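Undergrad: show me how the following folds:
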Amino acid sequence: MTVVAVAEPDRLIREKPLPRTVSRVHPYLRAAALYLLVRAAGVGLLALFAAKVNAPLLGRLTSWDAQWYLNIAEHGYGGVTTGLFDAEGNYAPHTPLAFFPAFPTLVRPLSVLTLGNTVVAAFLLSLVAGVVAACGLYRVGRLVDGRQRVGMLLVALWAGAPMAITLSMPYTEALFTAFAAWTLVAVLERNWVTAALCCLGAGLTRPTAVVLVAVVGIAAIVALAKGKAGWRAMVCVALCPAGLVGWWGYVAVRTGSPTGWWDLEWKNWWTRFDWGAETVRFARDMLVSGRSAMETMSVFALVLAAVLGALLAVLAVKRGLPWPVAAFGIGVVLLVAGTAGIPQAKARFLLPGFTLLLPLAIGLAGRRRSTTIAATAGFVLAGCWFSAYSVTGWHYAI
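TA: Have a look, this model is predicted:
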């Protein structure tokens, strides 16, 4: 018999210990189940919203960028159908190259399991990636704090965050976060080859990987400088940017321009790094005019992310939170805030920066169970509403 704590610290019960293998796997099963429960609630609320506006649920779940990924997965970059257009309403042969290859490439082999149905394969990939990401988030929470509750809260908050509906769509958020979470786990545990491989995968998934590559590369260099790492860290430094740089290089060759990918982003989606000038103008205009709930809430989401980023920095200084964890979250905020292009989608762009939720998870973990449940449920409900509204009531790209 062993003594374990439950609910309140001063209440103890005796229960039969789990077998060693089961005890290791059990928390990850709980994290996966919690993630699926929250996502089921999010999709269920979306179904209610979609029914209200007479929109098919499947159509909403495969809207916007999902159509690009599905078409690329089915036809390749050179065979995308002409029914898709950029933000300007145009289409050119190189337009699909703006989308990174990992998601559509992984959909193809999965379609064998779904009897050639690309849509089902894409949903399956997002589902599996989300579960893998949830397990990674739980592990990160345990590594930085030591309490299971922090890991579980981190999973629940991320699964119910604003725009988390994209985790249940053929989008790259779930896949990228899976790579990013396990990259950070590997960095914290000094598994440099694993960190490099996961970072490489993230670099082939979405451009947000530029933050992850910087964090991983610097962490490996610091470890080498301190004499705490060997050849594996050197491999990590060389390999971690390979996915991101490799795709940029491929697009440069295809377009005939060294800045080919950035040119596509700017010409087709008005996206470029402008040090936050557009973000400031957008926030000022929305807070004054309040033209729509979506745009105003997008500003609030960015402000909340900035506050959480500041709290991450405080935790890193005062409580010894590992700097790579804090740097990743803060870096995502700086990247999203400093980039111009479709400002209404910034809440979605922030979603992969899951470490931003650590201050909330750590803070809630120290509260009474009833307070923790109520606050987490409120956060999740607000996030699910925002997600459902974004793909039903909002008529522009997310």
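Undergrad: need the pLDDT of Leu287.
TA: Looking at Leu287, its pLDDT stands at 84.
Undergrad: go on, Leu321?
TA: Predicted confidence (pLDDT) for Leu321: 95.
Undergrad: and it, how many neighbours?
TA: Using other C-beta atoms under 10 Å, Leu321 has 21 neighbouring residues. Every C-beta, even on glycine, is put in place using the N, C-alpha and C of the backbone.
Undergrad: am I right that it is in a helix?
TA: No: assessed with DSSP: H, G, I helix; E, B strand; the rest coil, Leu321 is coil; it does not lie in a helix.
Undergrad: give me the nearest residue to it, chain neighbours excluded.
TA: Spatial nearest neighbour of Leu321, excluding adjacent residues (C-beta to C-beta, 6 or more residues apart in numbering): Leu315 at 4.2 Å.
Undergrad: helix or strand for the one you found, which one?
TA: Assigned by DSSP states H and E, Leu315 belongs to helix 293-318.
Undergrad: list the buried residues in that helix.
TA: Across helix 293-318, burial judged by 16 or more other C-beta atoms under 10 Å covers 294-295, 297-299, 301-302, 304-306, 308-309, 311-313, 315-316.
Undergrad: OK, contacts around Phe349?
TA: 208, 336, 339 (C-beta atoms under 8 Å, 6 or more residues apart in numbering).
Undergrad: list phi and psi for it.
TA: Main-chain torsions, Phe349, degrees, to the nearest 10: phi -60, psi -30.
Undergrad: confidence score at the residue nearest to Leu321?
TA: Looking at Leu315, the pLDDT reads 95.
Undergrad: correct me, but it touches Pro359?
TA: Yes: with contact defined as C-beta atoms under 8 Å, Leu315 counts as touching Pro359 (6.2 Å).
Undergrad: what ranges do the helices span in the stretch 1-150 of the chain?
TA: Shown for the stretch 1-150 of the chain, the helices assigned by DSSP state H, counting those that start in this stretch span residues 20-52, 57-61, 65-75, 102-113, 118-145, 148-159.
Undergrad: same deal with the stretch 151-300 of the chain?
TA: In the stretch 151-300 of the chain, the segments counted as helices under DSSP H, counting those that start in this stretch are 173-188, 192-203, 209-225, 231-239, 242-255, 260-269, 277-289, 293-318.
Undergrad: highest mean neighbour count out of those helices?
TA: helix 173-188 (a mean of 26; mean count of other C-beta atoms under 10 Å).
Undergrad: return the residues in contact with Leu57.
TA: So Leu57 contacts 43, 46-47, 50-51 (C-beta under 8 Å, 6+ apart).
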